[in-house]
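>>> The sequence and its predicted three-dimensional model are supplied below.
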Amino acid sequence: MQSEPPTLALGLPTIWMTLMQPFEAALADGSPDWGRWVLPKGMHAMTGGATVPESLIRAFDKHGVWLEQGWGMTKTSPVSTR
């Protein structure tokens, strides 16, 4: 994420929670290693498959990353979105 900062990343809410937990913990501890967890400002993150907790959206927003809830069902076709 540091050498090639993404502008868009996709993942399930579990992935984003797994990323945010060590990031916030490193910031809170004042860990000298927190720099490896810097998220690119202005990055867009999209998620689907489960509802994103509002607290997770706010956590990303606090760090300049826009986390957006998407919709998708792998077992349906586009017809089901009418």
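Structure received.

>>> tell me the helices in the protein, going along the chain?
Residue ranges of the helices in the chain, as given by DSSP state H, are 13-29, 54-62.

>>> gap between residue 42 and residue 7?
Counting by C-beta to C-beta, to the nearest Å, the gap between residue 42 and residue 7 amounts to 7 Å. Every C-beta, even on glycine, is put in place using the N, C-alpha and C of the backbone.

>>> Apologies, that question was intended for residue 53.
From residue 53 over to residue 7 (counting by C-beta to C-beta), the distance is 24 Å.

>>> out of these two, which sits in the more crowded spot?
Set side by side, residue 53 and residue 7 show unequal neighbour counts under other C-beta atoms under 10 Å, the larger going to residue 53 at 12 against 8.

>>> show me what contacts the more buried one?
Applying C-beta atoms under 8 Å, 6 or more residues apart in numbering to residue 53 gives the contacts 13, 17.

>>> just residue 9 next, same as before
Counting by C-beta under 8 Å, 6+ apart, residue 9 touches 43-46.

>>> which among those end up buried?
Among the contacts of residue 9, those classed as buried by 16 or more other C-beta atoms under 10 Å are 43, 45.

>>> which of the contacts of residue 9 lies closest to residue 14?
residue 45 (13.1 Å; C-beta to C-beta).

>>> Surely residue 64 is in contact with residue 42?
Yes. Between residue 64 and residue 42 there is a contact at 6.3 Å, judged by C-beta atoms under 8 Å.

>>> How many residues are close by the residue nearest to residue 12 when sequence neighbours are not counted?
Setting aside the residues directly before and after it, residue 12 is nearest to residue 49 in space (C-beta to C-beta, 6 or more residues apart in numbering), at 4.9 Å. Counted with other C-beta under 10 Å, residues neighbouring residue 49 total 15.

>>> for this protein, which spans come out with low pLDDT?
Scanning the chain for pLDDT under 70 picks out 1-2, 31-38, 72-82.

>>> what sits against residue 70?
Contact criterion C-beta under 8 Å, 6+ apart gives 46-48 as the residues in contact with residue 70.

>>> Same question for residue 67.
Shown in contact with residue 67 (C-beta under 8 Å, 6+ apart): 16, 45-47, 52, 56-57, 60-61.

>>> For those, which PyMOL command selects only the ones that are buried?
Of these, the buried ones can be selected in PyMOL as follows, counting by 16+ other C-beta under 10 Å:
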select buried, resi 16+45+47+52+56+57+60
